[in-house]
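Chemist: show me the folded form of this:
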Amino acid sequence: MQSLIALHARIFDALETHVAPTLLPTLARFIFVAVLFLYYWNSGLTKLGDGLSGLFTLSTGAYVQILPRVFDAVGYDPSALGLFPKLIVFFGTWTEFLLPILLLIGLFTRLAALGMSGFVLVQTWVDVMGHGAALGSLFDRHANGLIDTRLLWLFPLVYLVLKGAGPLSVDAALARRQTPSAALTPASQPR
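Modeler: Modelled structure (predicted):
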């Protein structure tokens, strides 16, 4: 029995030491991109106005999706909104494009994953409070509730916040470029 336990420990220690540091952050980014990248990209596209100027002039759908109650209160007239609600909708829309792209390439991954986690939480709040979506509940026999789905979305993002993008990322490439120059600074030279 001891030899079986030792074999088990050797195998899984080797996996944890040699495979996990590359596989897990890469897998977390892959899962986010495979499941949510196009979801957020298409959601962002529904918020843009027409033509090239639509990149900066949002559609009424953007206001309906992001600030449903506020937009309803002003009679669905974007010009009746103040600067702050307009900024929320503008930056919320561009967040749906920029953060997923950063996660895809692994650039500023921890910050992008933290921002995307916050975005998912705010999105969930808007869905429940603004659009009347049912939150559902945990620890029931249904795995398709809003809370169940969003927790699964959050897991790879939280992993990336805590562990970073891994070696197959722009972050890692930039870190590798920084390491040789750091080795040449006088403070890092042996005395």
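Chemist: how much space separates Arg176 from Leu27?
Modeler: According to Cβ to Cβ, to the nearest Å, Arg176 stands 21 Å off from Leu27. Yep, even glycine has a C-beta here, placed from its N, CA and C like the rest.
Chemist: Arg141 now?
Modeler: Arg141 is 28 Å from Leu27, by Cβ to Cβ.
Chemist: between those two, which one's more packed in?
Modeler: Leu27 (14 against 4; other Cβ atoms under 10 Å).
Chemist: could you find the closest non-adjacent residue to the most centrally placed residue in the chain?
Modeler: Taking Cα atoms, centre = their mean as the criterion, Met116 is the residue nearest the geometric centre of the chain, at 3.2 Å. Sequence neighbours aside, Leu99 is the residue nearest to Met116 in space, at 4.7 Å (criterion: Cβ to Cβ, 6 or more residues apart in numbering).
Chemist: burial check on that neighbour, number of neighbours?
Modeler: By the criterion of other Cβ under 10 Å, Leu99 has 23 neighbours.
Chemist: same check on Gly118?
Modeler: Gly118, neighbours per other Cβ under 10 Å, totals 13.
Chemist: need the pLDDT of it.
Modeler: pLDDT for Gly118: 97.
Chemist: element containing it, please.
Modeler: If you go by DSSP states H and E, Gly118 is part of helix 109-125.
Chemist: buried sites along that helix?
Modeler: For helix 109-125, burial by neighbour count (16 or more other Cβ atoms under 10 Å) applies to Thr109, Ala112, Ala113, Leu114, Gly115, Met116, Ser117, Phe119, Val120, Gln123, Thr124.
Chemist: ok, for the fourth one, nearest residue in space, not its chain neighbours?
Modeler: Here the nearest residue to Leu114 in space, its sequence neighbours aside, is Val161; by Cβ to Cβ, 6+ apart that works out to 5.0 Å.
Chemist: go on, Val64?
Modeler: Nearest non-adjacent residue to Val64 (Cβ to Cβ, 6+ apart): Phe71, at 5.7 Å.
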